[in-house]
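here's a sequence, model it:
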Amino acid sequence: MSSETGSTQKHQEQQDESSLVCPACGAEARRQDARFCSTCGRSLEEQYRPADALRASYHLHRPASGRAKGTRNSQPSPKKRPMSTMLPEINRNGASTTALAFTTYALVPFLGILFVPGAVLIGAAGLVYSYRAPHRGGRRASFASIFFGLVILGVQLLLWWIIIKVPEWSNPGMGGY
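Numbering: from 1, shown residues only. I've put the predicted structure just below:
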């Protein structure tokens, strides 16, 4: 092994150790004196935080590759559907939001029957309001609270009917009580 080969290996090891790597996205810094990542913009001096990898994944960060002069780095192909189409619409309709809360409370067995009328009536009010002020949203939530309120009403009535009939079923000869 010659002395030139050994010195070249030491120089490469020192260069590898001194290169900065972004704690968020893992991209190598393009310059030795860089303070921020050229891929995600995160400070290279800060410590790694667990949410960094998650944040970097939403922006589709990749390690920066060397660019030839005069060539343009192509953007990654967009996903099939943007995230905004997967999220529900923004609901600024207070009546439909309240109706959804009533529907949630109506799910409590036996006592939930007290909240069913509120879910249906306030859901209907939210539906009317969503037609009068469509920019506020809440139409889907109002329909959902009315529909599920009626379904929950049927289930609650069935539960109460079972509670009333259990004594008759347990003593058929006594005629009930």
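
give me the below-cutoff pLDDT ranges for this structure.
1-18, 48-86, 174-177 (pLDDT under 70).

now do the helices in the chain.
Here the chain has its helices, by DSSP state H, at 3-18, 51-58, 83-86, 94-105, 116-132, 139-170.

burial check on the residue lying closest to residue 46 once chain neighbours are set aside, number of neighbours?
Nearest residue to residue 46 in three dimensions, chain neighbours excluded: residue 23, at 6.8 Å (CB to CB, 6 or more residues apart in numbering). C-beta here means a position set from N, CA and C on the backbone, and glycine is covered the same way. When neighbours are counted by other CB atoms under 10 Å, residue 23 registers 19.

tally of neighbours for the closest residue to residue 146 other than its chain neighbours?
Nearest-residue entry for residue 146: residue 123, 4.1 Å, with adjacent residues in sequence omitted and distances by CB to CB, 6+ apart. Counted with other CB under 10 Å, residues neighbouring residue 123 total 28.

if I look at residue 123, how far off is residue 32?
Distance, residue 123 to residue 32, by CB to CB, to the nearest Å: 63 Å.

now swap in residue 128 and tell me
65 Å.

more crowded one of the two?
Each of residue 128 and residue 32 has its neighbours counted (other CB under 10 Å); residue 128 has more, 12 against 9.

residue 143 and residue 117, how far apart?
Residue 143 is 17 Å from residue 117, by CB to CB.

these two: which has the busier surroundings?
residue 143 (17 against 13).

what's the neighbour count on the closest residue to the more buried one other than its chain neighbours?
Distances taken as CB to CB, 6+ apart place residue 127 nearest to residue 143, at 6.7 Å, with adjacent residues excluded. Here the count is done by other CB under 10 Å, and residue 127 has 22 residues near it.

pretty sure residue 127 sits against residue 149.
No: look at residue 127 against residue 149 with CB atoms under 8 Å: they stay out of range, at 11.9 Å.

surely the residue nearest to residue 146 and residue 96 touch.
Yes: between residue 123 and residue 96 a contact is recorded at 6.8 Å, counting by CB under 8 Å.

identify the contacts common to those two.
142, 145 (CB atoms under 8 Å, 6 or more residues apart in numbering).

tell me who's in contact with the residue nearest to residue 150 when sequence neighbours are not counted.
The shortest distance from residue 150 to any non-neighbouring residue, by CB to CB, 6+ apart, is to residue 120 (6.5 Å). Taking CB under 8 Å, 6+ apart as the criterion, residue 120 is in contact with 145-146, 149-150, 153.

lovely, talk soon.
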